[in-house]
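Student: Quick one: sequence plus predicted model below, questions after.
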Amino acid sequence: MDEAGAASTASPSTPPPPPPIAQLGSDQVLSVLRLLPPDAVLSFAATCRTFRAWASSDALWEALCRRDWGARAAAALAERRRERGRGVPWRRVYAEVARLGALSARRVPMKGGASPRPRASHSLNLVAGWLVLFGGGCEGVCLGRHLDDTWVAYAGNGAGRSPTVLSWQQLASGTPSGRFSHSCTLVGDALVLFGGINDRGQRLNDTWIGHIICEEPRRMRISWRLLEVGPLAPPPRGAHAACCVDDKYIVIHGGIGLYGSRLGDTWLLDLSNGLRSSSWHQIGNTWPLPPPRSGHSLTWIGGTRMVLFGGRGSEFEVLNDVWLFDISDHYPKWKELKYELSSALGEMPFPRVGHSAILALGGKVLVYGGEDSQRRRKDDFWILDVPALLQFESGSKKMTKRMWKKLRVDGQCPNYRSFHGACVDTSGCCVYIFGGMVDGLVHPAEALGLRFDGQLYQVELALHL
């Protein structure tokens, strides 16, 4: 037998060389897996028993949670797991968040004492563990009258179990001046308030910084000051949309300007060098642009991107279009996410204005309430899945039906309402909702048939942690 024949005879008994990744150490493999999307990690796990063990590592899935949800949210979840004494694997936590289908809601009981009047078009934020309620239009008068009061209640930082009963405290009022339909945005542990409408119908364009000063035990105050912004500022407005991008920038869009006109401009306030002074400048004014509107939402979804949804247009039509805005380029750009209505029918919210839209755990924009063109108010909760949205934006049309999902609500669901306040805790799991215009029996004394609510609700993602 010649050498070639001998080689061909021996080759079947020679084991194939291991794949290159099998020659790496486990730490090296885990470092690679941390860079992959979860679907790719699961595909890797299905390859063989060794790979399955690596891909099931609790440390790996905790790292994926931190990467995709942020360090603060993951740390708050870890504290919740420790407090409840449940060693739920991080892989299961990730899976539960990904397939979220329900919420748990309750009306929060308040200790005796003074409490905020029912109102709408106010602001509600959760900062340093404190709920902060400011301004709005009040019960018993036309919404054109303002409130200048500030109320706070300690709700915890989201890391442990939330207090079951809260207590409101009223702070000194008068600064900033009373208003409704303003924006109040969280930047780190400070508040940035802009614009609004006062009781004379005057549109405002002042910018305020509110520093939170915590005092023990369970006491706090807010130190407000007018921000130095120089000679240029957005035109006066109310009912605009605003969000904070990465604790560095405030972005506002649209609203109601002078003489009731709907606005369609976009402005950015750069706070990357601190909160002492800053300047406004207009951005994103190249076509295509979202049509002018008010009462819509603008929600930061991570990185340099935000998503705009709904509102009322210049012809008083109510909208449910979705736009992405990215400020990463030298020329920030808007992009509308267009889809075939036939493929999305029943899979997305109806048009609405005066809703809330906040970023919850797992890259999910939680949309609640609002009203339609006939002022019929809504009580539904929807999630806009950010990963599916970004895949759809990049050309994957099959993501249309995965972008939106209507959630079931267990417990004491907030009733039909619009122009309420909403905010989320550090973990991204717990949302607080206060006030708004609600449906119900209208009494003759209620001006213009407006009815307001003064209850606080807590809505949590239904996760078995």
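Tutor: In hand now; what should we look at?
Student: E62: what secondary structure?
Tutor: Each residue gets one of three states, and E62 gets helix by DSSP: H, G, I helix; E, B strand; the rest coil.
Student: Tell me, how many residues neighbour it?
Tutor: As a burial measure, the neighbour count of E62 was computed by other CB atoms under 10 Å and equals 18. Backbone N, C-alpha and C define where each C-beta goes, glycine included.
Student: Quick check: it vs R72, distance?
Tutor: When CB to CB, to the nearest Å is applied, the distance between E62 and R72 equals 14 Å.
Student: Then V165?
Tutor: 26 Å.
Student: likewise R262?
Tutor: Distance from R262 to R72, by CB to CB: 36 Å.
Student: These two: which is more packed in?
Tutor: Relative neighbour count places R262 above the other of R262 and R72, with 21 against 15, counting by other CB under 10 Å.
Student: okay but the more buried one is in contact with G313, surely?
Tutor: Yes: at 6.5 Å, R262 counts as touching G313 under the criterion of CB atoms under 8 Å.
Student: Now tell me what touches the longest strand along the chain from outside.
Tutor: When secondary structure is assigned using DSSP state E, the longest strand within the chain turns out to be strand 203-215. When contacts are taken as CB atoms under 8 Å, 6 or more residues apart in numbering, the neighbours of strand 203-215 outside the stretch itself are 127-128, 130, 132, 176, 179, 182, 184, 189-198, 220-227, 229, 233-238, 256-258, 269, 275, 280.
Student: which of the residues you listed count as buried?
Tutor: By neighbour count, with 16 or more other CB atoms under 10 Å, the contacts of strand 203-215 hold 127-128, 130, 132, 176, 179, 182, 184, 190-198, 220, 222, 224, 227, 229, 233-234, 236-238, 256-257, 269, 280 as buried.
Student: Give me the neighbour count for S104.
Tutor: 17.
Student: On the three-state scheme, it is what?
Tutor: Secondary structure, three-state DSSP: S104 is strand.
Student: Check L35 too.
Tutor: Going by three-state DSSP: L35 is coil.
Student: what do you get for A40?
Tutor: With three-state DSSP as the basis, A40 sits in helix.
Student: Which pLDDT does the model give it?
Tutor: The predicted structure scores A40 at 82 on the pLDDT scale.
Student: What is the burial count for it?
Tutor: Using other CB under 10 Å, A40 has 12 other residues around it.
Student: give the contact list for it.
Tutor: Counting by CB under 8 Å, 6+ apart, A40 touches no other residue.
Student: if we can go back for a sec, and the contacts of the helix or strand following the longest strand of the chain?
Tutor: The first helix or strand that comes after strand 203-215 along the chain, using DSSP states H and E, is strand 219-226. Outside strand 219-226, the residues within contact range by CB under 8 Å, 6+ apart are 128, 130, 132, 150, 152, 154, 169, 171-172, 175-176, 191, 193, 206-215.
Student: can you state the direction angle for strand 219-226 and strand 203-215?
Tutor: Here strand 219-226 points in a direction 150 degrees away from that of strand 203-215 (axes from the mean of the first three to the mean of the last three CA atoms, to 10 degrees).
Student: Any chance you could list residues touching both of R262 and G313?
Tutor: P292, R293.
Student: Quick check: which ranges of the stretch 351-465 of the chain have low pLDDT?
Tutor: Residue ranges of the stretch 351-465 of the chain with pLDDT under 70: 396-400, 440-449.
Student: residue boundaries of the strands in it?
Tutor: 356-360, 364-368, 381-385, 404-406, 408-411, 417-418, 421-424, 430-434, 437-438, 456-461 (DSSP state E, counting those that start in this stretch).
Student: and R92, that one's in a helix?
Tutor: Yes: counting by three-state DSSP, R92 is located in a helix.
Student: any idea how far G284 is from V41?
Tutor: On the measure of CB to CB, G284 and V41 end up 36 Å apart.
Student: neighbour-wise, which of these two wins?
Tutor: More crowded of G284 and V41, by other CB under 10 Å: V41, with 23 against 19.
Student: OK, contacts around the more buried one?
Tutor: Applying CB under 8 Å, 6+ apart, the residues contacting V41 are L33, A55, L60, L64.
Student: picking up where we left off before, so which of the strands of the stretch 351-465 of the chain is nearest E347?
Tutor: The minimum distance between E347 and the strands of the stretch 351-465 of the chain falls on strand 404-406, with 5.4 Å, by CB to CB.
Student: Counting by contacts, list what the closest one packs against.
Tutor: Using 3 or more CB pairs under 8 Å, 6 or more residues apart in numbering; DSSP states H and E as the contact criterion, the neighbours of strand 404-406 among helices and strands are strand 381-385.
Student: Can you list the strands that the strand it packs on pairs with?
Tutor: Each strand pairing with strand 381-385, determined using DSSP bridges, is listed with its direction: strand 364-368 (antiparallel), strand 404-406 (antiparallel).
Student: For it, which residues meet the burial criterion?
Tutor: For strand 381-385, burial by neighbour count (16+ other CB under 10 Å) applies to F381, W382, I383, L384, D385.
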